[in-house]
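> What follows is a predicted protein model with its sequence.
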Amino acid sequence: MTAFDFRPTLNAPDDDPYLWLENVEGERALAWAASQSARTLGHFGVTRFDRDHDALTAIFDRPDRIPLSRRRSQYLYNFWQDARNPRGLWRRTTLAAYMKVDPQWELLLALDALAASDGEDWIWGGASLEPERRERAVLRLSRGGSDAVVHREFDLGSLSFVADGFNLAEAKGEVNWLDPDTLLLSSAFGDGMATRSGYARTVRLWKRGADPLTAPVIFETGSESLGVVCRLDRTAESERLWFIEQSTFFEKIGRIGDRSGPKMQIDLPRDAWWSGFGDWLAIKPRKPWTVRGMTHAADALIGISLSSFIAGERSFAIFFEPADRRSLQSFFWNNGKLIISYLVNLDPSFDMFAPDRQEWTRRALTKPAEGTIHLRSLDAERHESNGEVLFSAQGPITPRKLLLLDLNVSPPLGAPVILKRNPENFDASGLEATRHEAVSTDGAMIPYTHVGPANGNGDAPVHLTAYGVHGKSVLPHYNSSLGKLWLERGGTFVVANIRGGGEFGSRWHEAGRRKGKRLAHDDFAAVAVDLVRRGITMPRRIAAEGVSNGGLLIANLLTRYPESFGALFCKTPLVDMRRYTKLLAGASWIDEYGDPDKPEEWIFLKEISAYHAATPGQHYPPILLATTKRDDRVHPGHGRKMAAKLQALGYPAYFYEPGAGGHGYGKNNRERAPFIALGTNFLRSAIGWQADGVR
């Protein structure tokens, strides 16, 4: 009989023989990761894998895909990657040119050339343009895809970096322009400048030519907070700075001040979402909020004049009231108008409100299509918005199209104009998308979308995924990778709306948070059971995949519901719930999961710590755990340790870790494609599906 070392255990959670794998750059850990990755590639990097990642690379590099852009002043800026420019090009054009089939772009920066000249593994992290003169920008450059970035000032006239400009060494955080010669620095750069979670603890006033380490601190918080940020509100009549302290993941404190620091705290619930424009403030309380004898429901959206609110007025306009399956998803300001997006039984709707001192006027915006639709401003800066907004519409078998709508024009003249369409990247003939509901362990109805052939045979190869965290809604979209490698070959794809997400508002999130996280995992397993009940497939043919918190989900399916799945793909996962708060940004998620250092919270956390729950002698399905060395958000030690323990217990567990990619799957299309293809090939192999033919 084989004797297994199955430490750590639920009874001895701190006796961990794999702590050495948390040393990200440790020689022993890197050697282990390299050996494991080579083993995994040897098993699943076969001929079909080469063909698959070539197909995906070609899709990702297609020249006719939509170049997603945001407007800043008169230009639309875009970052573009293709076969000739794998690291990418930063470029810009005008709206008139963008609307043409083949727009002409002005090249600003070629990242491949920069990486070669600097000898650095640069990945684009974005740019912050100075909004007054629009002559300079501060670029964010990441080494290998990490969240920590290097800031470098760039001159848009000479297209060159400013040697003595606003240049900051690698750190997590951001900069915001106050004026052409002053930045608001919210960065963890410098001793004592980081919170426990690794984000900025202070706001500094950084003058041109000054040393950022000696820049005066105008606001700070304690190390237990998540972080702070400060931005100039350019919609205000006079200079107004918003100081935002993120005390926990779901709580923030807003203060108004000037360049000397905050002067006044805004008396809002800490867990509320809020946004302002000029003298208007829109507020969405996360919990019921009673003010002057009137209670505003959780997830309602209300508004008031900011100056009146500061003066003590509490009479709010009501923009949105939630219902059982009616939930607010987002709201934003454009040209002084408030735009809201909400779901009614998962179907999107959009309204616009124009403010007035006496009464707000409401206008329903006509949806441009069916499916998953998102709406945002064309302009990146709120103060520059002019009423032009962009609809992004797509479905699981319908590629994305981008439509422009001018809110200043009344229908029918104001109908959206199609700007761009994505090409079809897989054969969707014979496929249909339908919505169903599964019954979870406590009787809750869990929606899911099923995409596959109209006629099944009860043995369908099913790819099942979900997210279920932070109140984020995940609706079905056009997934070119799964379409090409799974659906086109006769497979079925399912996305589940488990609790912990935001599809039905805060109540849905709350039900799957902290103690409820175990329920969210039950929800996912219930969907797998329902697919079998409906005669679609059998457990051995269900392949489940999840990333980040979805990786936590996948790991728990392994230990709690092994009989319901044929294979599991666990990407950049959170797994060790005993030590997660001590690893990188882990402490920032205590609000979502709980604090393992508190005995009363470890009681429910250990129920979802698959790393400790894994024991020998079970019938665990094959699992592939994949992470990246440069992931500085979810520590690669989670995936490493789980794979090592499972292998020590004798289970079919595989591990893969490329060197770059951060919390994503690689720094360019050439790296993302094999990561996805490897995982898909593993899943197909593990459930016994050859998938050689195309429908």
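Right, received. Where do you want to start?

> Going by neighbour count, list what's buried in the helix or strand where Ala29 lies.
Taking DSSP states H and E as the definition, Ala29 sits inside helix 27-44. Across helix 27-44, burial judged by 16 or more other CB atoms under 10 Å covers Ala29, Trp32, Ala33, Gln36, Ser37, Thr40, Phe44. Just so you know, the C-beta spots here come from the backbone N, C-alpha and C atoms, and that holds for glycine as well.

> Keeping just the C-alphas, turn that helix into PDB.
C-alpha atoms of helix 27-44 as PDB (Å, rounded to 0.1, in the frame of the first residue of the first chain):
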ATOM      1  CA  GLU A  27      16.200  28.400  -8.400                       C
ATOM      2  CA  ARG A  28      14.600  25.300  -7.100                       C
ATOM      3  CA  ALA A  29      11.000  26.500  -7.800                       C
ATOM      4  CA  LEU A  30      11.900  27.700 -11.300                       C
ATOM      5  CA  ALA A  31      13.500  24.400 -12.100                       C
ATOM      6  CA  TRP A  32      10.400  22.500 -10.900                       C
ATOM      7  CA  ALA A  33       8.100  24.800 -13.000                       C
ATOM      8  CA  ALA A  34      10.300  24.300 -16.100                       C
ATOM      9  CA  SER A  35      10.300  20.600 -15.700                       C
ATOM     10  CA  GLN A  36       6.600  20.400 -15.200                       C
ATOM     11  CA  SER A  37       5.900  22.700 -18.200                       C
ATOM     12  CA  ALA A  38       8.100  20.500 -20.400                       C
ATOM     13  CA  ARG A  39       6.200  17.400 -19.200                       C
ATOM     14  CA  THR A  40       2.800  19.000 -19.900                       C
ATOM     15  CA  LEU A  41       3.900  20.100 -23.400                       C
ATOM     16  CA  GLY A  42       5.200  16.600 -24.000                       C
ATOM     17  CA  HIS A  43       1.800  15.200 -23.300                       C
ATOM     18  CA  PHE A  44      -0.500  17.700 -24.900                       C
END
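
> Give me the average confidence score over that helix.
Helix 27-44 carries an average pLDDT of 97.

> how near is Glu384 to Leu183?
Noted for Glu384: a distance of 19 Å to Leu183, by CB to CB, to the nearest Å.

> higher neighbour count, these two?
Leu183 (28 against 17; other CB atoms under 10 Å).

> Please give me every residue in contact with that one.
Contacts of Leu183 were listed using CB atoms under 8 Å, 6 or more residues apart in numbering, and they are Val138, Phe166, Val175, Asn176, Trp177, Trp206.

> Is Asn408 located within a strand, as I assumed?
No - counting by DSSP: H, G, I helix; E, B strand; the rest coil, one finds Asn408 to be coil, located in no strand.

> ok, the closest residue to it other than its chain neighbours - contacts?
Nearest non-adjacent residue to Asn408, counting by CB to CB, 6 or more residues apart in numbering: Gly387, 4.2 Å away. Going by CB under 8 Å, 6+ apart, Gly387 touches Asn334, Asn335, Lys337, Asp406, Leu407, Asn408.

> I'd like those residues as a markdown table, with pLDDT and distance to Leu328 appended.
Converted to a markdown table, the contacts of Gly387 look like this (pLDDT from 0 to 100; distance: CB to CB, whole Å):
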| residue | pLDDT | distance to Leu328 |
| --- | --- | --- |
| Asn334 | 98 | 17 |
| Asn335 | 96 | 21 |
| Lys337 | 96 | 17 |
| Asp406 | 95 | 24 |
| Leu407 | 93 | 19 |
| Asn408 | 90 | 24 |
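
> Any chance of TSV for these, columns neighbour count and distance to Gly502?
TSV is the format used below for the contacts of Gly387 (neighbours: other CB atoms under 10 Å; distance: CB to CB, whole Å):
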residue	neighbour count	distance to Gly502
Asn334	21	22
Asn335	20	27
Lys337	21	24
Asp406	16	29
Leu407	20	25
Asn408	11	31
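
> Quick one, grab the pLDDT at the closest residue to Ile340 other than its chain neighbours.
Nearest residue to Ile340, sequence neighbours excluded (CB to CB, 6+ apart): Phe331, at 4.5 Å. pLDDT, Phe331: 98.

> if we can go back for a sec, show me the contacts of Leu183 that map onto strands.
Val138, Val175, Asn176, Trp177, Trp206 (DSSP state E).

> Could you pull out the helices in the stretch 401-550 of the chain for me?
480-485, 506-511, 517-533, 549-560 (DSSP state H, counting those that start in this stretch).

> do the stretch 551-695 of the chain as well
Under DSSP H, counting those that start in this stretch, the stretch 551-695 of the chain gives helices at 590-593, 599-605, 610-613, 637-648, 669-686.

> Any buried residues in the fourth one, and which?
To tie it back to what came earlier, the one meant is helix 637-648. Neighbour-count burial for helix 637-648 [16+ other CB under 10 Å]: Gly637, His638, Gly639, Arg640, Lys641, Met642, Ala643, Ala644, Lys645, Leu646, Ala648.

> so can I have JSON lines of those showing distance to Met99?
JSON lines is the format used below for those (distance: CB to CB, whole Å):
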{"residue": "Gly637", "distance to Met99": "48"}
{"residue": "His638", "distance to Met99": "46"}
{"residue": "Gly639", "distance to Met99": "44"}
{"residue": "Arg640", "distance to Met99": "48"}
{"residue": "Lys641", "distance to Met99": "51"}
{"residue": "Met642", "distance to Met99": "49"}
{"residue": "Ala643", "distance to Met99": "49"}
{"residue": "Ala644", "distance to Met99": "54"}
{"residue": "Lys645", "distance to Met99": "55"}
{"residue": "Leu646", "distance to Met99": "53"}
{"residue": "Ala648", "distance to Met99": "59"}
